[in-house]
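In: turn this into a structure:
(one chain, ligands or ions: 1)
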Amino acid sequence: MHNASPRPLSAAKSEALTGRARVPGDKSISHRALMFGGLAAGETRITGLLEGEDVLRTGEAMRAMGARIEKQGQEWIAVGTGNGALLQPKDALDFGNAGTGVRLTMGLVGSYDMETRFVGDASLSKRPMGRVLDPLREMGLQVVSAEAGDRLPITLRGPKHAAPISYRVPMPSAQVKSAVLLAALNVPGVTTVIEPVATRDHTEKMLAGFGASLEVETDADGVRHIRIEGQPKLTGQTIAVPGDPSSAAFPLVAAVLVPGSDVVIENMLMNPTRTGLVTTLLEMGADITILERRNEGGEDVADLRVRGSELKGVTVPAERAPSMIDEYPVLAVAASFAEGETRMPGLEELRVKESDRLSAVAEGLKANGVDCVEGEASLSVTGRPGGRGLGGGTVSTHLDHRIAMSFLVMGLAAEKPVTIDDQAMIATSFPDFTDLMRRLGARIG
Ligand code: S3P
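Out: Okay, the predicted model is just below:
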């Protein structure tokens with residue numbers, strides 16, 4: 001489908017959005033559920049799995065390495081190979097658009113004495129893989145072949161005897177942290193990952209749930225030291241995947257921006273490493289009420305009631321970026337409707353997402369009449385309350401699902417419609433997006 005001709009889509013100014021919405025399962029947790037379930041001995045039963053293309057490719061990769069994964073009714077069942085017992089895949093593992101899938105799997109196989117080839121789509125083939133290969137090389141990994149700058153296609157061969165390392169993650173990246181922790185599963189001794197800036201902690205929490213022995217200590221400077229004991233026995237678990245805050249962000253911001261809206265988003269993950277957008281929208285004056293906070297399967301979840309609101313510009317602290325890294329495109333859209341300026345520093349990681357998200361967002365905002373300034377690692381947006389004069393442009397999505405959905409949200413509140421050049425990538429993370437938004441009253445078509 002990635003080579004099919006582009007399918008544009010437009011969103012137009014809508015009446016108040018109303019109703020209840022259940023967003024799909026969290027993408028980060030879904031990838032890990034299939035990976036760890038495909039590795040652990042015995043059966044893992046998963047409900048609420050995100051059935052997006054990215055996650056399904058991770059399932060395919062685990063199957064290619066010996067796991068049994070299938071859907072039975074509403075549940076996904078994985079029967080793992082047992083830790084340390086993955087098989088060499090016969091063909092290249094194709095991760096499509098999925099950075100998390102490819103980077104975590106590189107970690108997983110990086111300590112196996114076998115050869116694995118990784119390929120992906122045009123977007124994934126532009127993204128840097130050196131950030132995960134560097135620590136894996138320290139453990140003994142050999143990069144048999146790679147395109148310039150450690151880009152896909154890449155063939156890896158793990159060492160006969162991998163060595164544990166202590167690794168300080170140089171950028172705030174849960175993918176890099178996770179790749180090292182997953183490699184450590186097949187290495188004798190204790191591997192330590194030092195994380196100066198905390199990022200999403202799903203790998204640590206879920207591995208502990210599967211039986212890994214893992215210790216996390218935060219020192220006086222707030223630096224996390226994660227120690228994992230190699231070669232643990234991992235055992236199948238029952239997992240209920242909560243709703244993805246990064247997907248909830250779209251109906252949430254849409255309901256804030258469209259006057260008179262009143263929407264409840266059900267069962268959203270409230271892990272504090274993921275809720276930076278909600279914090280920021282509340283600071284901007286959004287009317288969001290957190291209902292029914294509860295713990296399910298080790299994670300906090302809640303229902304969020306969101307009503308149409310008038311926003312004011314704020315400065316988003318740079319240290320909040322890891323807890324909302326995927327939400328900046330839609331925050332920039334919200335800022336386009338706020339009174340005054342919204343400043344977003346600390347965005348260097350946005351340049352290496354599914355697209356160069358910083359420039360893709362700035363380009364899309366400008367095409368729709370928004371005043372914004374793109375810095376090296378920052379964005380500042382001056383809003384127009386009521387969306388006066390906004391819209392009317394076509395946005396290049398650059399094979400990036402979050403750019404696509406963010407600008408459709410803009411169209412729902414702007415004076416003139418907003419068009420995206422291609423809707424195909426939405427299916428990587430949120431296959432039901434258009435139907436869900438239409439059910440709330442969004443004019444998308
Ligand atoms: C993810 C980590 C983040 C995020 C991505 C999912 C994960 O990437 O952007 O969508 O599941 O670990 P980085 O680790 O590159 O920040």
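In: whichever helix or strand Lys366 is part of and the ligand in contact?
Out: Counting by DSSP states H and E, the secondary-structure element that holds Lys366 is helix 357-367. No. Using Cβ under 6 Å from any ligand atom, helix 357-367 stays clear of the ligand, with a minimum separation of 9.5 Å. Heads up, the C-betas are built off the backbone N, CA and C, glycines and all.
In: what does that helix contact?
Out: The list of residues contacting helix 357-367 from outside it, by Cβ atoms under 8 Å, 6 or more residues apart in numbering, reads 328-329, 332-333, 336, 347, 350-351, 372, 374, 377, 379, 381, 393-398, 400, 402-403, 406-407.
In: just the buried ones from those?
Out: 328-329, 332-333, 336, 347, 350, 372, 374, 377, 379, 381, 393-398, 400, 402-403, 406-407 (16 or more other Cβ atoms under 10 Å).
In: now, which of those residues lie within helices?
Out: Judged by DSSP state H, the subset of the buried ones among the contacts of helix 357-367 located in helices is Tyr328, Pro329, Ala332, Val333, Arg402, Ile403, Ser406, Phe407.
In: thought the first one was touching Leu350?
Out: Pointing back at Tyr328 there. Yes. Under the contact definition of Cβ atoms under 8 Å, Tyr328 touches Leu350, with a separation of 6.0 Å.
In: so Leu93 touches Val119, yeah?
Out: Yes. Applying Cβ under 8 Å, one finds Leu93 in contact with Val119, separated by 7.3 Å.
In: now for the worst-scoring helix or strand of the chain on mean pLDDT, which elements pack on it?
Out: Ranked by mean pLDDT, DSSP states H and E, the weakest helix or strand in the chain is strand 287-296, scoring a mean of 95. Here strand 287-296 touches helix 245-257, helix 276-283, strand 299-307, going by 3 or more Cβ pairs under 8 Å, 6 or more residues apart in numbering; DSSP states H and E.
In: pick the most buried one from those.
Out: Mean neighbour counts were taken over the helices and strands packed on strand 287-296 using mean count of other Cβ atoms under 10 Å, and the top value, a mean of 28, falls to helix 245-257.
In: anything in that helix near the ligand?
Out: No. Residues of helix 245-257 contacting the ligand under Cβ under 6 Å from any ligand atom: none, with a closest distance of 6.9 Å.
In: ok, then the element right after that helix?
Out: Where DSSP H and E defines the elements, the next helix or strand beyond helix 245-257 is strand 262-269.
In: with only the CA atoms kept, save that following strand in CSV.
Out: The C-alpha atoms that make up strand 262-269 are tabulated as CSV, following Å, rounded to 0.1, in the frame of the first residue of the first chain:
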residue,chain,number,x,y,z
ASP,A,262,-18.4,17.9,25.0
VAL,A,263,-16.6,14.6,24.6
VAL,A,264,-15.6,11.8,26.9
ILE,A,265,-12.4,9.8,26.0
GLU,A,266,-12.5,6.5,27.8
ASN,A,267,-9.8,4.3,29.3
MET,A,268,-6.7,6.5,28.5
LEU,A,269,-3.3,5.6,29.9
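In: can you list the residues that contact it?
Out: Outside strand 262-269, the residues touching it (Cβ under 8 Å, 6+ apart) are 16-23, 26, 29, 242-245, 248, 251-252, 254-255, 291, 299-308, 440.
In: and for stretch 62-78?
Out: Under the contact criterion Cβ under 8 Å, 6+ apart, stretch 62-78 has outside partners 33-35, 37-40, 43-47, 49, 59, 79-81, 85-91, 93, 109, 236.
In: give the buried residues for that stretch.
Out: Neighbour-count burial for stretch 62-78 [16+ other Cβ under 10 Å]: Met62, Arg63, Ala64, Met65, Gly66, Ala67, Ile69, Trp76, Ile77, Ala78.
In: inside helices: which ones of those residues?
Out: Judged by DSSP H, helices contain the following of the buried residues of stretch 62-78: Met62, Arg63, Ala64.
In: and the ligand, which of the residues you listed reach it?
Out: Judged by Cβ under 6 Å from any ligand atom, the overlap between those and the neighbourhood of the ligand is nil.
In: between those, which sits nearest Glu283?
Out: Sorting those by how near they are to Glu283, with Cβ to Cβ, puts Met62 at the top with 40.5 Å.
In: per the record, what domains does this protein have?
Out: Here the domain parsing of the chain from automatic domain parsing is 9-25+242-444, 27-240.
In: could you measure from Ser10 over to Leu440?
Out: Applying Cβ to Cβ, to the nearest Å, the value for Ser10 to Leu440 is 17 Å.
In: looking at these two, which is more packed in?
Out: A direct count of neighbours by other Cβ atoms under 10 Å for Ser10 and Leu440 places Leu440 higher, at 22 against 17.
In: show the pLDDT at the more buried one.
Out: pLDDT, the model's per-residue confidence, is 98 for Leu440.
In: surely it touches Leu252?
Out: No. Checked against Cβ under 8 Å, the pair Leu440 and Leu252 is beyond contact range at 11.0 Å.
In: what's the local residue count around Gly364?
Out: 27.
In: which members of the contacts of helix 357-367 additionally contact the ligand?
Out: Taking Cβ under 6 Å from any ligand atom as the test, the ligand is in contact with none of the contacts of helix 357-367.
In: quick one on the thing from earlier: let me have the helices and strands packed on strand 287-296 in JSON lines, extended by distance to His161 and mean pLDDT.
Out: JSON lines is the format used below for the helices and strands packed on strand 287-296 (distance: least, Cβ to Cβ, whole Å; pLDDT from 0 to 100):
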{"stretch": "helix 245-257", "distance to His161": "39", "mean pLDDT": "98"}
{"stretch": "helix 276-283", "distance to His161": "41", "mean pLDDT": "98"}
{"stretch": "strand 299-307", "distance to His161": "37", "mean pLDDT": "97"}
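In: want to try TSV for those, with distance to Pro159 as columns?
Out: Below are the helices and strands packed on strand 287-296 laid out as TSV (distance: least, Cβ to Cβ, whole Å):
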stretch	distance to Pro159
helix 245-257	35
helix 276-283	38
strand 299-307	35
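In: which one of the ones you listed lies closest to Thr191?
Out: It is, among those and with distance given as Cβ to Cβ, strand 299-307, at 24.8 Å.
In: what pairs with that closest one, parallel or antiparallel?
Out: strand 262-269 (antiparallel), strand 287-296 (antiparallel) (DSSP bridges).
In: for those, which one ends up most surrounded?
Out: Comparing the strands paired with strand 299-307 on average neighbours, where mean count of other Cβ under 10 Å defines a contact, strand 262-269 leads with a mean of 21.
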